[in-house]
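*Asks:* Just a sequence and a predicted model for now, questions to come.
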Amino acid sequence: MKVLVPIKRVIDYNVKVRVKADHSNVDLANVKMAINPFCEIAVEEAVRLKEAGIATEVITVSIGDKSCQEQLRTALALGADRAIQIETDENLDALNIAKLLQKIVEQEQPQLVILGKQSIDSDNNQTGQMLAALTGMPQGTFASEVKVEGDKVNVTREVDSGLQTVALNLPAIVTTDLRLNEPRYAKLPNIMKAKRKPLVVMPAADFGIDLRPRSTLLKVTPPAERQAGIIVDSVDTLIEKLKNEAKVIS
Amino acid sequence: MSILVFAEHDNSTLKADTLKTVAAAQAIGGDIHLLVAGSNCQAVAQEAAKTNGVSKVLVADNAAYEYQLAENISLLVTELAGDYDHILATALTTGKNFMPRVAALLDVAQISDIIAVESADTFVRPIYAGNAIATVQSLDSKKVITVRPTGFDAVAADGSAEIVSLDTVTDAGISAHVSDQLSESERPELGAADVVISGGRGMQNGDNFKLLEGIADKLGAAIGASRAAVDAGFVPNDMQVGQTGKIVAPDLYIAVGISGAIQHLAGMKDSKIIVAINKDAEAPIFQVADYGIVGDLFDVLPELEAKL
């Protein structure tokens, strides 16, 4: 079966973001970018399914300007077979991303679509669920285990109260949580090989979808800063401060 | 205007965070209805009817909603959506799971995880793990919103709303519940506790989390963990506090053996008072802590438990 893995280029998770002085957005100029960590886990899971003989082909897709080809090449180096870039200079809403991905699903007919549960920039946690709704597929979100069995996939999900396992009819959507797997590092020969794997560019405008923005970003401000407090020298002092100064224990 | 709020519950009790989501609905302003979708959930409906500021409780009581599968719940909410300008759910795992499906079925965007309401169409939400705060204006006619409970104070539970039973059943028939592995605990829930004590990699193993239990018992605290401690297998996933785990804002948060990665701070930095116990004086956690103790947690914890 085919597995489709949509991925996103985001700020590297180790970089501390700064808000622009004019509060129009965060400053991404000359900042290190990377594949979104949850998307990397999605690529790894798809590649493992191929290695286990369950998946026959892993297709990765990203939506953005030319720079996202860097992340597509990374996914190819990790083991994806071919890549699609949907080219746009716009920063699209999750709904519009899902609509574009729906077209790729119609075209490629994957049995499984694996996405990261959220991107670490917009923190929306929407795209996988929206794609599931648009394609009429069931969804296993926040997955910590994925088992394909016949024409179903069993997904164990990380939920507030613990773990929940659901059985989904294929084709299905899975979104990854942190503990689904530990992604491998790309080896140099695979990075070289990835340069020769197919990467198709399709302009977003050619899909005939209304991609108008659904929201306006009015401003972006830095969060309220917490002031560092004091180091106390003993447990006794700590308890005294919590009781009499902070008044949070009695 | 009219607002539909999805009630979080486990078929027997209403989750307290629902009262915070209703507070967000009140900030938007309008006639507020609560939707209780579950199976054998009449007790929840009774409880929900007491929510202050709610005029009507809609109850969809059917086996199809027992596990609140996203495929079924999203169809139900979409069917009801015609009567409402805003649809709100709490940004917990149930709401996060089904709400984007609702938005897509309605062909509108979703505004996730709001922490403040500026007006009926303008909302404030954290991005980049809370390192930036965005103010976003929705351009859609219908607003689909998830609410971060730490951003709002719960409304009171002294109201008396009308209870209306719904007989529509929406079963997509494409997914099924298999099993649950739920964590049982006598302690308060992480999201609802006034005091939270969390352990990190410095705890060294799962057994050592017992050192937190005595203190938690004395303070009536919930016990949490950093991602590092969960990844290392010390404790289960539902204890994780952070950007992608649980977001908490208790009166007192005690971080033990936690270095303070950005992703962890995103889940607890709105706590009123933060205490850090760590042997590394340079740990970033001390930059957000009100009170810090630099020392070996294996010495500090027993002493703290004894003296509380």
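*Replies:* Received the coordinates, thanks.

*Asks:* Check chain A for its longest strand and report it.
*Replies:* In chain A, assigned by DSSP state E, the strand with the most residues is strand A:139-149.

*Asks:* In that strand, which residues are buried?
*Replies:* Residues of strand A:139-149 classed as buried by neighbour count (16 or more other C-beta atoms under 10 Å in any protein chain shown): A:Q139, A:G140, A:T141, A:F142, A:A143, A:S144, A:E145, A:V146, A:V148. In this view, the C-beta of every residue, glycine as well, is placed from N, C-alpha and C.

*Asks:* relative to strand A:139-149, how tilted is the helix or strand following it?
*Replies:* Counting by DSSP states H and E, the next helix or strand C-terminal to strand A:139-149 is strand A:152-159. Orientation check (axes from the mean of the first three to the mean of the last three C-alpha atoms, to 10 degrees): strand A:152-159 against strand A:139-149 gives 130 degrees.

*Asks:* For B:D180, the count of nearby residues, please.
*Replies:* B:D180: 13 surrounding residues under other C-beta atoms under 10 Å in any protein chain shown.

*Asks:* Now A:I231, what are its backbone angles?
*Replies:* A:I231 has phi and psi values of phi -90, psi 130 when expressed as degrees, to the nearest 10.

*Asks:* Which element, helix or strand, includes B:S55?
*Replies:* Counting by DSSP H and E, B:S55 is found in strand B:54-61.

*Asks:* Tell me the strands beside that strand, with direction?
*Replies:* strand B:31-38 (parallel), strand B:162-165 (parallel) (DSSP bridges).

*Asks:* and the gap between A:G64 and A:L92?
*Replies:* With distances taken as C-beta to C-beta, to the nearest Å, A:G64 is found 9 Å from A:L92.

*Asks:* So the two - more neighbours on which side?
*Replies:* Higher neighbour count among A:G64 and A:L92: A:G64, with 22 against 19, using other C-beta under 10 Å.

*Asks:* Just the strands from chain A, written as ranges.
*Replies:* A:2-7, A:9-11, A:33-35, A:57-64, A:82-87, A:112-116, A:139-149, A:152-159, A:162-169, A:172-176, A:199-203, A:215-221, A:230-231.

*Asks:* Packing partners of the third one?
*Replies:* Read it as strand A:33-35. strand A:9-11, helix A:69-78 (3 or more C-beta pairs under 8 Å, 6 or more residues apart in numbering or on different chains; DSSP states H and E).

*Asks:* ok, 10 Å please
*Replies:* Contact here means 3 or more C-beta pairs under 10 Å, 6 or more residues apart in numbering or on different chains; DSSP states H and E; on that basis strand A:33-35 packs against strand A:9-11, helix A:37-51, helix A:69-78.

*Asks:* repeat for the fifth one
*Replies:* The helices and strands touching strand A:82-87, judged by 3+ C-beta pairs under 10 Å, 6+ apart, are strand A:2-7, strand A:57-64, helix A:69-78, helix A:94-108, strand A:199-203.

*Asks:* Is there contact, residue-wise, from the fourth one to chain B?
*Replies:* Yes. Part of helix A:94-108 sits close enough to chain B to count as contact by C-beta under 10 Å from any C-beta of the partner chain, namely A:A94, A:L95, A:N96, A:A98, A:K99, A:Q102.

*Asks:* how many other residues sit next to the spatially closest residue to B:Q46 that is not a sequence neighbour?
*Replies:* Once flanking residues are discounted, B:Q46 sits nearest to B:I163: 7.6 Å by C-beta to C-beta, 6 or more residues apart in numbering or on different chains. Neighbourhood size, B:I163 [other C-beta under 10 Å]: 16.

*Asks:* What of B:G233?
*Replies:* Neighbours of B:G233 (other C-beta under 10 Å): 10.

*Asks:* How about it: what's its closest non-neighbour residue?
*Replies:* Counting by C-beta to C-beta, 6+ apart, the residue nearest B:G233 is B:G206, at 7.1 Å.

*Asks:* Help me confirm that the one you found comes into contact with B:F234.
*Replies:* Yes. Look at B:G206 against B:F234 with C-beta atoms under 10 Å: they come within range, at 4.2 Å.

*Asks:* Neighbour count: these two, which is higher?
*Replies:* B:F234 (21 against 15).

*Asks:* where does the stretch 51-200 of chain B have low pLDDT?
*Replies:* Scanning the stretch 51-200 of chain B for pLDDT under 70 picks out no residues.

*Asks:* can you give me the strands in it?
*Replies:* B:54-61, B:86-90, B:110-114, B:116-119, B:122-127, B:132-138, B:143-147, B:162-165, B:175-182, B:195-199 (DSSP state E, counting those that start in this stretch).

*Asks:* And the first one, what's buried?
*Replies:* Residues of strand B:54-61 classed as buried by neighbour count (16+ other C-beta under 10 Å): B:V54, B:K56, B:V57, B:L58, B:V59, B:A60, B:D61.

*Asks:* Show me which of the residues you listed is closest to chain A.
*Replies:* B:A60 (18.9 Å; C-beta to the nearest C-beta).

*Asks:* Would you mind listing the buried residues in stretch B:117-130?
*Replies:* Buried residues in stretch B:117-130, counted by 16+ other C-beta under 10 Å: B:V117, B:A120, B:D121, B:T122, B:F123, B:V124, B:R125, B:P126, B:I127, B:Y128, B:A129, B:G130.

*Asks:* follow-up on the earlier one: could you save the strands of the stretch 51-200 of chain B as CSV and add columns showing distance to A:A133?
*Replies:* Below are the strands of the stretch 51-200 of chain B laid out as CSV (distance: least, C-beta to C-beta, whole Å):
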stretch, distance to A:A133
strand B:54-61, 19
strand B:86-90, 14
strand B:110-114, 11
strand B:116-119, 26
strand B:122-127, 21
strand B:132-138, 18
strand B:143-147, 11
strand B:162-165, 26
strand B:175-182, 13
strand B:195-199, 35
